[in-house]
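Colleague: what shape does this take:
(one chain, ligands or ions: 1)
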Amino acid sequence: MAAAVAEAPTQVAGLDANRSWMSAEDVELVDRLLAEGQAHLFAHWPTPGERDEDKRRLLAQLRHLDASYAGGLVKYIQNARKLLQDSKEGVNPFEGCVPSVPEGEKLDWGSPHFRELERAGVAAAGGCAFVLVAGGLGERLGYSGIKVALPVESASGTCFLQLYIESILALGAKAGGKALPLAIMTSDDTHQRTVELLERHAYFGAAPGQVTLIKQEKVACLSDNDAHLALLGGDPFQVQTKPHGHGDVHMLLHSSGLADRWLSEGFKWVCFFQDTNGLVFRALPAAIGVSEAHSYDVNSLAVPRKAKEAIGAITRLTYPDGRHTTINVEYNQLDPLLRATINPQGDVNDDSGFSPFPGNINQLVLKLSTYCAELHRHGGVIAEFVNPKYADASKTAFKSSTRLECMMQDFPKSLPEGTRVGFTVVNQVWAAYSPVKNSPADAASKAQGGNSSHSATSGELDWYTANCKMLQALGARVDGPRPAEFNGLSGLELWPRVTWSPLFAASWDELAAKVDAANVHIGEDAALVIQAPNVRIKSLDLQQGALVIAGQGQQAAGAAAAVAAGEGQQQQQAEQGEPLVVDGLVVSNAGWEWQALSPDEGASEEEYIRGFRVVKKEQQTLATP
Ligand code: UTP
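Modeller: Numbers count the residues shown, from 1 in each chain. Next comes the predicted model:
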């Protein structure tokens, strides 16, 4: 039950004189808001003729807020009042619940079992739709652009959005050239720049209609425990708004009709992922394979998590009435919950050196039929929460306005009993999860505290690590890594800068088929960039320097400089449709240097957040015609 409305006048001095010019729709909405105690929104209105444009502006905004929240503004206010009351009273959302470790698969990246599951996932990919949540502000990173436009790594300069789209195109190609759908959730903060990025690059090769943008709206801020909507300090004709969180994606997939359309088109799985984890498609196909093998309705891709590590834990909860659910429990809630129930020591590592509760990385594979049924049940409005910063212990006033939020990973909270919820852990974190979230300063302090820095630096270095270790596991001789320090992050491992497009290889099997790894050597400081899809490497000795294998009509990153200088360029052309074969190639040139930035050195924003710049001195380029 929502708490009672403190005062709900139906007559408001400032407003009533203005009613005559308002539309019937506006009057109806205003009366609904008055009944919810929101008279303060209109109490300051001057008589008709004064500031009428401002009044219209406020009414238009209220109509917009009303239309963009499932159930409308009244529902939002009622939900807020209930959650604010619970928060004030310190209600424990897990009261009476007993936690246990959920079921799932723990995989070693690249092991025979992993590869078997990846194979199954690739085979099932023709039934997959994809959803990228990219509406976040990225305040922690502090990058002025949109995060999906950031380069994943500096060797090729490929941005996150290109990498994701090419990964989906590569999986589609293996499903007979099927255009697997991708929905991108944007927000006012990211929408226009995402559209521009896509248009500038012809949707990175996606087919017309393959990519759909769905934009989330902000929600109204709340100024107190009675859920009074907050007006902007400097503009009393505008309600203050803030993002509602990535959980909006479910409501939008429902209201846009996309989820239902995918189901009717025969898609079986929907895969969710976030904006800056370049490694996601190194693990996602195996997770799809796990979903297939266990027929999971919900499968969370996860990583090992140290006890008490500040990352949500996938946890099975048994409610007092015997119902079960498997959900993400925030780390600061897990420890007290364990202490109060099954383990007085709380969240502790087991023999593996990790907590038995895996770490949630917000990448999900959901069975589309279950997902759509659930969306129809609740419209995609999932468990919301509120996190007010109180002015003092009395919890009667806030330091600043708050708002309701929701998280994508809370979707399973309301699933019916009997739903199969599991996880897929990839034991090697660096192979599955290395998001770019933190500014250099925050990254350094996280690293000092023994945590992952989750920075642009670690994102790039982990990408090379994963690629080099993949080649090594297939039998290549890869030298390194070299110790490195960038942006105050010490003890880093800088592997040879090896990168390839997913269009070249999107799985272990494909890489093994295209590269005779046993005949490949890559030197410690070498760089290898493969952008062409149709390449066959029979033998290669990349002793030192840079080798770029560029695709049709592509100008590989940095190629321009080397071509112009006429340095060490070798063209090796192939017939259309036939692979470009690299056989017996020995490469040795001055190459590219990853040069640490000195503190007062001028640098681009992309370089600054990494702590290095790439000096491209010389390279060898092979290009398909
Ligand atoms: P993050 O936790 O990285 O949050 O979001 P953020 O808002 O982008 O960054 P900070 O907290 O301001 O530093 C995880 C994923 O959810 C998306 C982000 O774009 C990212 O892919 N997201 C987040 C949304 O799509 N909408 C939101 O309202 C919030």
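
Colleague: only C-alpha atoms from now on, for both contacts and neighbour counts.
Modeller: Fine.

Colleague: around the ligand, pick out the residues from the chain.
Modeller: By the rule CA under 6 Å from any ligand atom, the part of the chain lying against the ligand is 133-141, 185, 243-246, 274-275, 437.

Colleague: in strands, which of the residues you listed fall?
Modeller: Within the residues of the chain next to the ligand, membership in strands is found for 133, 185, 274, as judged by DSSP state E.

Colleague: separate out the buried members of the residues of the chain next to the ligand.
Modeller: Among the residues of the chain next to the ligand, the ones that count as buried by 16 or more other CA atoms under 10 Å are 133-138, 141, 185, 243-246, 274-275, 437.

Colleague: what's the following helix or strand after the top strand by length along the chain?
Modeller: Ranked by residue count, the top strand of the chain under DSSP E comes out as strand 359-367. The element immediately downstream of strand 359-367 (helix or strand, assigned by DSSP states H and E) is helix 368-378.

Colleague: what's the first helix or strand after that following helix?
Modeller: strand 384-386.

Colleague: which stretches of the stretch 101-250 of the chain form helices?
Modeller: Taking DSSP state H, counting those that start in this stretch, the helices of the stretch 101-250 of the chain run over residues 112-124, 160-174, 191-200, 248-255.

Colleague: return the item of the buried ones among the residues of the chain next to the ligand having minimum pLDDT.
Modeller: Within those, Leu137 has the lowest pLDDT, namely 84.

Colleague: go ahead and confirm that residue touches Asp188.
Modeller: No: the pair Leu137 and Asp188 fails to qualify as a contact (CA atoms under 8 Å) at a distance of 9.6 Å.

Colleague: okay, now the unreliable bits of the stretch 1-150 of the chain?
Modeller: Applying pLDDT under 70 to the predicted model, the residue ranges of the stretch 1-150 of the chain that meet it are 1-10.

Colleague: what residues are up against the residue minimising distance to the centre of the chain?
Modeller: Using CA atoms, centre = their mean, the residue of the chain that lies closest to the mean C-alpha position is Gln274, 1.2 Å off. Neighbour list for Gln274: 132-134, 362-363 [criterion: CA atoms under 8 Å, 6 or more residues apart in numbering].

Colleague: how about the helices in the stretch 451-600 of the chain?
Modeller: 456-473, 508-514, 559-565.

Colleague: for the first one, packing partners?
Modeller: Yep, that's helix 456-473 we're talking about. Counting contacts by 3 or more CA pairs under 8 Å, 6 or more residues apart in numbering; DSSP states H and E, the secondary-structure elements packed against helix 456-473 are strand 477-478, strand 489-494, strand 497-500, helix 605-610.

Colleague: give me that answer again for 10 Å
Modeller: For helix 456-473, the packing partners by 3 or more CA pairs under 10 Å, 6 or more residues apart in numbering; DSSP states H and E come out as helix 440-448, strand 477-478, strand 482-486, strand 489-494, strand 497-500, helix 508-514, strand 520-522, helix 605-610.

Colleague: tabulate these (CSV), appending mean neighbour count and mean pLDDT.
Modeller: Written out in CSV, the entries for the helices and strands packed on helix 456-473 read as follows (neighbours: other CA atoms under 10 Å; pLDDT from 0 to 100):
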stretch, mean neighbour count, mean pLDDT
helix 440-448, 19, 94
strand 477-478, 21, 98
strand 482-486, 15, 97
strand 489-494, 16, 96
strand 497-500, 24, 98
helix 508-514, 16, 98
strand 520-522, 23, 98
helix 605-610, 20, 97
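
Colleague: so what touches the helix or strand encompassing Leu263?
Modeller: Leu263 is located in helix 258-264, with elements delineated by DSSP H and E. Around helix 258-264, the neighbours that count as contacts under CA atoms under 10 Å, 6 or more residues apart in numbering are 127-129, 180-181, 183, 212, 214, 250, 252-254, 265, 267-270, 367-369, 371-373, 375-376.

Colleague: from those, keep the buried residues only.
Modeller: Taking 16+ other CA under 10 Å as the criterion, what is buried in the contacts of helix 258-264 is 127-129, 180-181, 183, 214, 250, 252-254, 267-270, 367-369, 371-372, 375.

Colleague: grab the nearest non-local neighbour of the closest residue to the ligand within the stretch 301-450 of the chain.
Modeller: Taking CA to the nearest ligand atom as the measure, the point where the stretch 301-450 of the chain comes nearest the ligand is Lys437, at 5.8 Å. Distances taken as CA to CA, 6 or more residues apart in numbering put Leu141 closest to Lys437, at 5.1 Å, once the chain neighbours are dropped.
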